[in-house]
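In: When you get a sec, could you give me coordinates for this:
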Amino acid sequence: FLFAGLGNVAEGWLESSLGMPQTVGALMTGGSIAVILLPVKTRLDGFINRILPVTALAEAPTQAAAILFSDLVGYTRLTGEDRGTALTVMTVFHKTANRVAREHRGRVVKTNADEVMMEFKDPANAVRCASALHQEFGEAVEELDLSPLETCTGIHFGDVTRSGEGDLFGDAVNIASRVQ
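Out: Numbers count the residues shown, from 1 in each chain. Sure, this is the predicted structure:
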């Protein structure tokens, strides 16, 4: 309303001071106000886009899922000793995790450095995946003659909420990450 009022004032000024027809004044002031307000609108849109998913997430339905977190024991130490080897080991871990998750009807939700988070509908598949990940990752690093690192895994079955981007939230996620 304030901006519409400013537009009307500017239109009136252009008409009375410069003798421009009201339609030209409206066009000029409308364009000027749009240019002035564009940065404000852009910031407001960004804020709204950040806040809407948060409120929508609180109202989103939940569903049961088995959440698996797994990370590499000793990865931080290895990073300090041999960064190149550590990055190679982490890459092998992520590739192995993606493959075994698919083989056990699950998916990798996200990775964070040497940690992976996976989702499964069936808890038995999550347990089988954890065992396969441990064994197949160990075989892969041995075959590549890399520093052997153990995996540490936590699994919890419970309700989760899915974000629009595919991330998961809820007690099952929190508990699985702490059990690990």
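In: Compute the distance between the nearest residue to Phe169 once chain neighbours are set aside and Leu149, please.
Out: In space, Phe169 comes closest to Thr161 once its chain neighbours are excluded; the distance is 4.9 Å by Cβ to Cβ, 6 or more residues apart in numbering. Yep, even glycine has a C-beta here, placed from its N, CA and C like the rest. For Thr161, the distance to Leu149 (Cβ to Cβ, to the nearest Å) stands at 32 Å.
In: More neighbours: these two, which one.
Out: Leu149 (22 against 17; other Cβ atoms under 10 Å).
In: what's the distance between that one and Thr85?
Out: 10 Å.
In: Could you pull out the helices in the chain for me?
Out: For the chain, applying DSSP state H gives helices covering 2-18, 22-59, 75-81, 83-103, 123-143, 171-179.
In: got a list of contacts for stretch 64-71?
Out: 97, 106, 114-123, 125-126, 129-130, 133, 151-160, 168, 172-173, 175-177, 179-180 (Cβ atoms under 8 Å, 6 or more residues apart in numbering).
In: Which PyMOL command selects the buried ones in the residues you listed?
Out: Listed next is the PyMOL selection for buried residues among the contacts of stretch 64-71, using 16 or more other Cβ atoms under 10 Å:
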select buried, resi 97+106+114+115+116+117+118+119+120+123+125+126+129+130+133+151+152+153+154+155+156+157+158+160+168+172+173+175+176+180
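In: quick check: mean pLDDT across stretch 119-138?
Out: The pLDDT scores in stretch 119-138 average 97.
In: Looking at the nearest residue to Val179 once chain neighbours are set aside now. What's its pLDDT?
Out: Distances taken as Cβ to Cβ, 6+ apart place Gly154 nearest to Val179, at 3.4 Å, with adjacent residues excluded. Here, the pLDDT recorded for Gly154 equals 95.
In: right, and Gly154 touches Asn174 too?
Out: No: Gly154 is beyond contact range of Asn174, at 10.6 Å (criterion: Cβ atoms under 8 Å).
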